[in-house]
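Student: I would like to see how this sequence folds:
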Amino acid sequence: MKMTTAMTSTDVLIVGAGPTGLTLAIDLARRGADYRIVERAEGPSTASRAKTIQPRALEVADDLGVIDRVLQLGQVHVPTRHYDRDRVISEAVSTALGMSGPGVPYAPVWLSQPLFEQVLRDRLAELGGRIEWGAEVTAVTQTADAVEVSVSAATGERRMRARYVVGCDGGRSVVRKQSGATLEGISYGEHRWWLGDVRITGLDRHCQHVWMSPEHGILSLFPLPSTDIWQFQASIPADDLDPAAPTLELFRRLFSEHTGLADVTIDDAGWLSLYRINVALVDRYRCGRVFLAGDAAHVHSPAGGQGMNTGIQDAYNLGWKLAAVLDGAGETLLDTYELERRPVAQAVLDDSTSRLHTLMRSAGNGSGAAAVRGLTDDFTTGLTITYADSPRTGSGPHDTRVRAGDRAPDAVADASTGHRVRVFDLLRGPHWTLLTFDHGNPQNSNHTDLPSPLRTIRITTDSTATGPATVIDSDGAIHRNFDISSDTAVLIRPDGYIATREPVAVP
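Tutor: Predicted coordinates:
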């Protein structure tokens, strides 16, 4: 293969154009950072894989400017119908604890990964970004001040030089292997699934259809919103030591074994997979100038729908930090990426593994409805993640409901111009935000050496207050959601987490 001798350079090279890599690319693009994104595949994937976007990831989508399109294509409430052969046992919408409330604008959305990736690609294109398809990273070496990467493409081999490389290239990450990081975990060999994207006639698309029995295990048929595709999932018996390769004929036979629905046919099968559940976590997220994110750093059980969502939040945590360092901030800021995100991944791995065992035990006794209820709660939403122990989280009282390190909640109030405004409208964008709750008193924040770019907003209950950066919290919604009872300044990071919460000195 022909070798291209010219070396191309960039500040950040993103390897992998799945949801994690695309999230990072969008975040860097809107900050004006110099980056490139390469993907070894020749084009976008059509495999449904993940299909649940959790509330915290939806808040990321809001900030990145894609939430309207996600809500348009996705579906919020998809009922689950449980069967005993051809008899319907129950039908209900599974709800997640903590997914609703005055500070939480979004419930989980069902949307297939290919459609979500398309939304992200469209947004990246709006920002002037371009994915380099068919570009496979084959080698990664570091020097004192850069990372040099070998890339293989149809046009030949070439070299790329970057100040930082981020591996978002999946569970078999070449970047991880080349960087020296180690993925450590276990395989649940007895938990295997046949998966596929199929077309079905004769089945109601308004709900998911589930069969669970001790004899046949689990069969789930899920209608993917804004498509004519169903996601087919069937558990493989633990005593089947050599399971058959997934085919359309196999799926038809499995459907017949699980159900007694004679008028339903599976007409077509696209993506097919025999999935073995592995649970693993990388020993480090940073190796010098190389970072790992998404499936390159952690591999999950699918129970709880956490894999894609955790990767999105990895990228969202790392993006603003990379941009800040490129703009002159100290390198130690990048160390907080691992300190903040690795404990989250460990908690998600533990939780999803526990949920997997709950699901499989329930399948064994046929208690399907109970199993689905047990797969969603406030943890899976991502809203309870906190960076309270991060070295970059500053001061704040401990006797409040919303503390430094927590996610900033949403709320709606009046602006000085008379129109309604959301807190998330104030936070949206690449800036830091300083909210001064002064109850009508002058702004006198104790903060010095504030970060940049910074947007300062006065939040007051004084209906006579004026000013372009003033929000009148006439009914106290923002105060309640932030648990504010006295003059307070709240500094919020670009990723929507509270950096500090301090009293405001009032003369």
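
Student: hey, let's count contacts and neighbours off CA atoms from now on
Tutor: Fine.

Student: Spit out the contact partners of R422.
Tutor: D410, A411, V412, A413 (Cα atoms under 8 Å, 6 or more residues apart in numbering).

Student: Next one: the residue nearest to A33 when sequence neighbours are not counted from V299, what distance?
Tutor: Counting by Cα to Cα, 6 or more residues apart in numbering, A33 lies nearest to A323, which is 6.2 Å off, once chain neighbours are set aside. From A323 over to V299 the distance is 27 Å, taken as Cα to Cα, to the nearest Å.

Student: Quickly note the distance from the residue nearest to A33 to T461.
Tutor: Counting by Cα to Cα, the gap from A323 to T461 is 36 Å.

Student: just Q118 next, same as before
Tutor: For Q118, the distance to T461 - Cα to Cα - is 42 Å.

Student: ok, F291 - contacts?
Tutor: Y164, V165, V166, G167, Y285.

Student: one more time with 7 Å
Tutor: V165, V166, G167, Y285 (Cα atoms under 7 Å, 6 or more residues apart in numbering).

Student: May I ask which of those has the most neighbours?
Tutor: The residue in these with the most neighbours, by other Cα atoms under 10 Å, is V165 (29 neighbours).

Student: Can you tell me who that one pairs with across the strands?
Tutor: With DSSP bridges applied, V165 shows beta-bridge pairing to L13, V290.

Student: How about the contacts made by it?
Tutor: V12, L13, I14, V147, R289, V290, F291.

Student: mind checking the SS state of the residue nearest to A33?
Tutor: Counting by DSSP: H, G, I helix; E, B strand; the rest coil, the backbone at A323 sits in helix.

Student: is it true that it touches G32?
Tutor: No. With contact defined as Cα atoms under 7 Å, A323 does not reach G32; the gap is 8.3 Å.

Student: quick one: which of those two has more around it?
Tutor: Using other Cα under 10 Å, the more surrounded residue of A323 and G32 is A323, with 21 against 12.

Student: how about T259, what does it touch?
Tutor: Counted by Cα under 7 Å, 6+ apart, T259 has contacts R85, D86.

Student: Return the distance of it relative to A269.
Tutor: From T259 to A269 the distance is 19 Å (Cα to Cα).

Student: which residues of the stretch 351-500 of the chain fall in strands?
Tutor: Counting by DSSP state E, counting those that start in this stretch, the segments of the stretch 351-500 of the chain that form strands are 412-415, 420-422, 432-437, 454-460, 470-472, 488-492, 498-503.

Student: Redo those strands as a markdown table? Include distance to V66 and mean pLDDT.
Tutor: Putting these into a markdown table (distance: least, Cα to Cα, whole Å; pLDDT from 0 to 100) gives the following:
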| stretch | distance to V66 | mean pLDDT |
| --- | --- | --- |
| strand 412-415 | 20 | 84 |
| strand 420-422 | 17 | 91 |
| strand 432-437 | 20 | 95 |
| strand 454-460 | 22 | 94 |
| strand 470-472 | 25 | 93 |
| strand 488-492 | 21 | 95 |
| strand 498-503 | 23 | 93 |
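
Student: can I get these in CSV with distance to D263?
Tutor: Below are these laid out as CSV (distance: least, Cα to Cα, whole Å):
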stretch, distance to D263
strand 412-415, 50
strand 420-422, 49
strand 432-437, 57
strand 454-460, 60
strand 470-472, 59
strand 488-492, 56
strand 498-503, 55
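
Student: More neighbours: Q118 and T461, which one.
Tutor: Ranked by neighbour count (other Cα under 10 Å), Q118 and T461 place T461 first, with 21 against 16.
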